[in-house]
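Undergrad: coords below, sequence missing:
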């Protein structure tokens, strides 16, 4: 599912002439906010429900360089979910559709007042239930671990 678009900002480019690694994380963080907006947890929704989403874990993979001014398309894939968690994968793509980076994340629904995990409010759970599920190839690519192959 296409989730958001942005451009590589000049201040995101580092001494190597391409987007700094931390800025990839920034774009994926903005993608989480776009996802929250999509399911009804924009500023008004967060205020109304006293509810938000925290990122518990993220695994970022860099595939290709992104350069100043380059358009970025962020695609969203729902790998799994339960009453209060979302296991997702975001893909950052260039204008030709090539994957520049991926970010696999575990997101948790949080009651703002208690600061504790809580099931999604009913209307948010309904919106989550309408998210398109990831395809088999996306699911198969998830759960990678870091290591030196020997």
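TA: Thanks, I have the structure now. Please read these numbers as outputs of a predicted model, since none were measured by experiment. Numbers count the residues shown, from 1 in each chain.
Undergrad: Other residues contacting the biggest helix by length in the chain?
TA: Assignment by DSSP state H gives helix 21-38 as the longest helix of the chain. Defining contact as CB atoms under 8 Å, 6 or more residues apart in numbering, one finds that helix 21-38 is touched by 3-4, 6, 8-9, 12, 42, 45-46, 52-53, 55, 58, 60, 62, 66, 72, 74, 76, 86, 88, 90, 92, 101, 103, 105, 107, 127. The way it works is simple: take the backbone N, C-alpha and C, and place the C-beta from them, glycine included.
Undergrad: just to confirm, which helix or strand has the nearest residue to residue 85 once chain neighbours are set aside in it?
TA: Leaving aside its sequence neighbours, residue 85 sits nearest to residue 108 (CB to CB, 6 or more residues apart in numbering; 5.5 Å). Following DSSP states H and E, one finds residue 108 within strand 99-111.
Undergrad: Check residue 46 too.
TA: Residue 46 belongs to helix 43-49, assigned by DSSP H and E.
Undergrad: Sketch out the helices for this structure, chain order is fine.
TA: In the chain, the helices defined using DSSP H lie at 21-38, 43-49, 122-129, 136-141.
Undergrad: of all those, which lies closest to residue 116?
TA: helix 43-49 (14.3 Å; CB to CB).
Undergrad: now for the closest one, which elements pack on it?
TA: Of the remaining helices and strands, none touches helix 43-49 by 3 or more CB pairs under 8 Å, 6 or more residues apart in numbering; DSSP states H and E.
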